[in-house]
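K.L.:
Fold the stuff below for me.
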Amino acid sequence: MSAISHMHKHNVTHRDIKFENIMFESKDPDAEIKLIDFGLSRRYSPENKYMNDGVGTIYTMAPQVLQGEYTSQADLWSIGVVTYMLLSNTKPFYGKKRRHVIAKILQGNFSFYSKVWRSLSDESKKFVRALLCVDPSRRLTADQALEHRWLDSQYPLSDRVPKESMLGSIHDSIIAYSDMSEFKKMALMVIAHQSSTSEIMELRKAFDAYDVANQGTITFDEFKSAMKKANTQHTDDEIEKLFKSVDIGHDNEIYYLEFLAATLSAHGRINEERLAEAFDRIDSDDSGFISRENLKEILGADYSKEKVDQYMREADLVGDNKISFHEFVRFFQADQIKQVKAFRLDESNSVSSGS
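P.N.:
Numbers count the residues shown, from 1 in each chain. All right, here's what the predicted structure looks like:
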């Protein structure tokens with residue numbers, strides 16, 4: 001539901017939600033769930049939200065998909081089918097022939113016929129009914145489904161809160177990140193993108209703690225609330241400045257990758273090995289140096305000659321119009337030394353003032 005809410009918020013319909021496209025991240029008993037396979041996904045606009053392609057898998061297809069005109073609400077029907085099957089190990093729409101199944105789907109003709117439903121809660125049945133509703137305008141939206149009482153009671157977000165010490169480190173990392181150069185922030189984005197699940201597990205919990213609405217991004221109000229809890233001395237202007245420093249995309253919300261980049265140092269993940277991986281990723285032509293073309297490629301749509309010039313000025317320490325790995329590492333280490341000195345100075349001032 002969280003994944004679909006995030007997709008719909010950004011005007012993308014999955015169009016093929018089914019058992020085969022919902023995967024466990026690992027074999028761990030508490031493994032996260034991932035929604036995969038976006039080959040049939042479709043971007044739409046608020047002005048043109050209707051789709052006509054008859055795509056998907058028959059057992060989770062919404063009536064409107066079979067009729068040839070539908071919206072993103074088709075995804076919610078599919079989730080209703082998946083939920084029904086997960087709870088009862090039976091299908092809501094079944095028949096000996098394909099046309100029999102289609103007829104039942106079009107009518108929304110289903111019942112809780114399995115004996116297992118007798119031991120399941122009324123709230124779970126209400127959730128299923130609210131999704132397997134033939135009229136898409138009466139079907140729950142993704143956000144409404146996320147807020148449903150059944151999901152809230154069965155899977156409370158409070159279970160996903162990290163340790164208090166980690167939240168404190170997250171706060172300090174964000175403060176330090178706000179003063180970092182643009183080049184270093186870009187490199188941290190690369191490191192964050194290449195981080196494995198095991199490496200950032202606690203950071204994901206921290207993201208969930210900030211993302212109170214569980215919609216896949218952190219709004220300014222959510223960020224402000226979390227930062228106020230960590231340090232009540234922050235002014236609103238200071239928090240807004242911190243938010244903008246993490247919001248690299250300048251779209252008034254912090255994405256998961258942006259959050260990871262800003263908080264990786266809280267997990268002690270910025271060692272030379274990780275820097276080497278980031279350097280190799282940016283040095284896409286394996287020349288042994290980061291060139292202007294490499295920077296242009298990694299920046300993509302954000303490319304501008306001025307930004308490339310800025311990055312070169314920051315990290316090209318010998319002035320030869322390219323960045324070696326040695327310069328890359330020295331640049332990061334110099335930045336870290338500055339942060340340590342600033343921290344020690346702050347600590348010293350606090351002690352001398354008797355605080």
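K.L.:
CA atoms for contacts and neighbours, from now on please.
P.N.:
Noted.
K.L.:
Please, where are all the strands along the stretch 201-350 of the chain?
P.N.:
217-218, 254-255, 289-290, 323-324 (DSSP state E, counting those that start in this stretch).
K.L.:
What are the contacting residues of the second one?
P.N.:
If I follow you right, that is strand 254-255. Identification of contacts with strand 254-255 by C-alpha atoms under 8 Å, 6 or more residues apart in numbering yields 216-219, 243, 246-248.
K.L.:
average pLDDT for it?
P.N.:
Across strand 254-255, pLDDT averages out at 94.
K.L.:
That strand: how far from the chain's middle?
P.N.:
Relative to its chain's centre, strand 254-255 lies at 7 Å (C-alpha atoms, centre = their mean, to the nearest Å).
K.L.:
Could you do the third one as well?
P.N.:
For strand 289-290, the distance between its averaged C-alpha position and the chain's averaged C-alpha position is 30 Å (C-alpha atoms, centre = their mean).
K.L.:
Check the first one too.
P.N.:
Relative to the mean C-alpha coordinate of its chain, strand 217-218 is positioned 8 Å out (C-alpha atoms, centre = their mean).
K.L.:
can you check stretch 188-204 too?
P.N.:
The chain centroid and the centroid of stretch 188-204 are separated by 12 Å under C-alpha atoms, centre = their mean.
K.L.:
how about it: buried residues?
P.N.:
For stretch 188-204, the neighbour count (16 or more other C-alpha atoms under 10 Å) marks 188-192, 200, 202-204 as buried.
K.L.:
Quickly check the residues you listed for the two that are furthest apart.
P.N.:
Distance extremes for the buried residues of stretch 188-204: the farthest pair is Val190 and Glu202 at 19.0 Å, using C-alpha to C-alpha.
K.L.:
Filter the buried residues of stretch 188-204 down to the ones in helices?
P.N.:
The helices, defined by DSSP state H, take in 188-192, 202-204 from the buried residues of stretch 188-204.
K.L.:
Just name the closest of the residues you listed to Arg330, please.
P.N.:
Using C-alpha to C-alpha, these come closest to Arg330 at Leu188, 15.0 Å.
K.L.:
my read: the closest one touches Leu257, true?
P.N.:
No - Leu188 is not in contact with Leu257 according to C-alpha atoms under 8 Å; the separation is 9.6 Å.
K.L.:
Of the contacts of strand 254-255, which is the nearest to Tyr177?
P.N.:
Taking C-alpha to C-alpha as the measure, Tyr177 lies nearest Val246 of these, at 7.6 Å.
K.L.:
so who does the residue nearest to Val212 when sequence neighbours are not counted touch?
P.N.:
The shortest distance from Val212 to any non-neighbouring residue, by C-alpha to C-alpha, 6 or more residues apart in numbering, is to Glu222 (6.6 Å). Contacts for Glu222 (C-alpha under 8 Å, 6+ apart) come out as 210-212.
K.L.:
Least confident of the residues you listed?
P.N.:
Confidence-wise, Val212 trails the rest of the contacts of Glu222, at 83.
K.L.:
Any idea how many residues pack against that one?
P.N.:
By the criterion of other C-alpha atoms under 10 Å, Val212 has 19 neighbours.
K.L.:
separation between it and Phe223?
P.N.:
9 Å (C-alpha to C-alpha, to the nearest Å).
K.L.:
now the stretch 1-150 of the chain, which segments are flagged as low pLDDT?
P.N.:
Along the stretch 1-150 of the chain, no part satisfies pLDDT under 70.
K.L.:
Counting neighbours, what do you get for Ala62?
P.N.:
Residue neighbour count, defined by other C-alpha under 10 Å, stands at 29 for Ala62.
K.L.:
Hmm, it is touching Ile105, no?
P.N.:
Yes - in terms of C-alpha under 8 Å, Ala62 counts as a neighbour of Ile105; the distance is 7.1 Å.
K.L.:
Run a quick check on Glu69 versus Met51, I expect a contact.
P.N.:
Yes - judged on C-alpha under 8 Å, Glu69 makes contact with Met51 at a distance of 5.6 Å.
K.L.:
Are we agreed that Asp143 is in a helix?
P.N.:
Yes - the assignment for Asp143 by DSSP: H, G, I helix; E, B strand; the rest coil puts it in a helix.
K.L.:
residues touching it, list them.
P.N.:
Asp143 makes contact with 5, 215, according to C-alpha under 8 Å, 6+ apart.
K.L.:
From Ile4, how far out is it?
P.N.:
Asp143 is 9 Å from Ile4, by C-alpha to C-alpha.
K.L.:
got it, and Asp179?
P.N.:
Remark: distance between Asp179 and Ile4 (C-alpha to C-alpha) = 34 Å.
K.L.:
Around Met23, count how many other residues there are.
P.N.:
Other residues lying near Met23 total 13 when counted by other C-alpha under 10 Å.
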